[in-house]
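> give the three-dimensional model of this entry:
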Amino acid sequence: MRIIVSLITLWILVFSTGCQANPADAETPSENISSPVAVHTQLDNTQMPPLLPTPSNPSLQNLVEKAKEDLAQRLTISIAQINLVEATEVEWSDSSLGCPQPGMDYLQVITPGYLILLDVGGQTYEYHSNRDTYFVLCENSHSPNVPKP
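Presented below is the predicted three-dimensional model:
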């Protein structure tokens, strides 16, 4: 019985310490931060790079990387020069993924996928994809339906 009580106590201790504030934050007295403006000024002086969106879905992350590789090859540039602007889950109105090509027939079925926007030097490139592995650089796009959460 003592072992069970000891294990429960240890379990509570381990999980409760994981929910506490960052110890580095605890060492900083709150009076040093006088206002949000002071914090903003500190950040401006440190020249931090802008935060870029990173897909948490491994399938979407793979599609974004493939789209970047494709764009880098098309423009003969380094992948490092390509920035992800947005990766949004959408529903395309048919299997053309919102980017129909002349003379092609497409299945008239709602196709779940992603709208991936990439930026190179201020120029935005729009990639459309399904949920798996297919994507296309779309120059004449049709608006997707954004699913409701």
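> residues near Gly113, how many?
Applying other Cβ atoms under 10 Å, we find 23 residues neighbouring Gly113. Quick note: C-beta positions are derived from backbone N, CA and C, even for glycine.
> and the gap between it and Ser96?
Applying Cβ to Cβ, to the nearest Å, the value for Gly113 to Ser96 is 11 Å.
> cool, Gln108 as well?
Taken as Cβ to Cβ, the span from Gln108 to Ser96 is 10 Å.
> look at the two and report which has more neighbours.
Neighbour totals were compared for Gln108 and Ser96, and Ser96 leads with 19 against 10 (other Cβ under 10 Å).
> that one and Asp105 touch, don't they?
No. Between Ser96 and Asp105 there is no contact under Cβ atoms under 8 Å: 9.3 Å.
> ok, now which ones touch Asn130?
By Cβ atoms under 8 Å, 6 or more residues apart in numbering, the residues touching Asn130 are Trp92, Leu97, Thr111, Pro112, Gly113.
> what's the first-to-last distance across stretch 84-103?
Stretch 84-103 has an end-to-end distance of 32 Å (criterion: Cα to Cα, to the nearest Å).
> list the buried ones in it?
Residues of stretch 84-103 classed as buried by neighbour count (16 or more other Cβ atoms under 10 Å): Leu84, Ala87, Glu89, Val90, Trp92, Ser93, Ser95, Ser96, Leu97, Gly98, Cys99, Pro100.
> again with stretch 112-130
Buried positions in stretch 112-130, judged by neighbour count with 16+ other Cβ under 10 Å: 113-119, 125-130.
> now, which of the contacts of Asn130 sits nearest Val136?
Taking Cβ to Cβ as the measure, Val136 lies nearest Leu97 of the contacts of Asn130, at 6.0 Å.
> the closest one - nearest residue in space that isn't next to it in sequence?
Distances taken as Cβ to Cβ, 6 or more residues apart in numbering put His128 closest to Leu97, at 4.0 Å, once the chain neighbours are dropped.
> same thing with Ile82?
Ile82 sits nearest to Lys68 (Cβ to Cβ, 6+ apart), 4.8 Å away.
> residue contacts, that neighbour?
Listed by Cβ under 8 Å, 6+ apart, the contact partners of Lys68 are Ile79, Ile82, Leu84, Leu118.
> in strands only, show me those residues.
Judged by DSSP state E, strands contain the following of those: Leu84, Leu118.
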